[in-house]
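[1] Mind folding the following:
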Amino acid sequence: MQEKLYDILAKILEISREEINDNISPENTPTWDSFNAVMMVAELEKSSGTKFDMADVMAVKNVGDIKKVLDKYKVKYEC
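    Residues are numbered from 1 along each chain as shown. Presented below is the predicted three-dimensional model:
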């Protein structure tokens, strides 16, 4: 899952995959703005075929939280 997730995040946030870790957040990543947050949700929903609950989306504060939401919905990305 992590490989595909990191590919999506790197593309949307315009950063390298190597920069991504569980602590990446809007506070330390200038390109993680509200528009790109919506783009991340849309891309993750599209690529997984899953519709996320708005409460789960609003609870995301960093990449680690994204992983928890994906686990909750049993989303598995193949590399």
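[2] Next SSE downstream of the longest helix anywhere in the chain?
    What stands out as the longest helix in the chain, according to DSSP state H, is helix 34-48. Later in the chain than helix 34-48, the nearest helix or strand by DSSP states H and E is helix 54-59.
[3] Can you name the residues in contact with that next one?
    41, 65, 69, 72-73 (Cβ atoms under 8 Å, 6 or more residues apart in numbering). The C-beta positions use only the backbone N, C-alpha and C, and glycine is treated the same way.
[4] looking only at pLDDT, what's the mean for stretch 20-38?
    The average pLDDT within stretch 20-38 is 97.
[5] end to end, how far does that stretch reach?
    The straight-line separation of the ends of stretch 20-38 (Cα to Cα, to the nearest Å) is 18 Å.
[6] What of stretch 53-73?
    Start-to-end span of stretch 53-73 (Cα to Cα) is 10 Å.
[7] which residue packs closest to residue 26, ignoring adjacent ones?
    Excluding the flanking residues, the one nearest residue 26 by Cβ to Cβ, 6 or more residues apart in numbering is residue 32, at 4.3 Å.
[8] sorry, back to before: out of the contacts of helix 54-59, which one sits closest to residue 8?
    Of all those, residue 41 has the smallest distance to residue 8: 10.6 Å, by Cβ to Cβ.
[9] Would you agree residue 62 is in contact with residue 21?
    No: look at residue 62 against residue 21 with Cβ atoms under 8 Å: they stay out of range, at 9.0 Å.
[10] the more surrounded of the two?
    Comparing residue 62 with residue 21 by other Cβ atoms under 10 Å, the one with more neighbours is residue 62, at 18 against 10.
[11] okay, residue 76: pLDDT?
    81.
[12] related to what we said a few turns ago, buried ones among the contacts of helix 54-59?
    41, 69, 73 (16 or more other Cβ atoms under 10 Å).
[13] any chance of those in CSV, with distance to residue 25 too?
    Formatted as CSV, the buried ones among the contacts of helix 54-59 follow (distance: Cβ to Cβ, whole Å):
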residue, distance to residue 25
41, 15
69, 14
73, 21
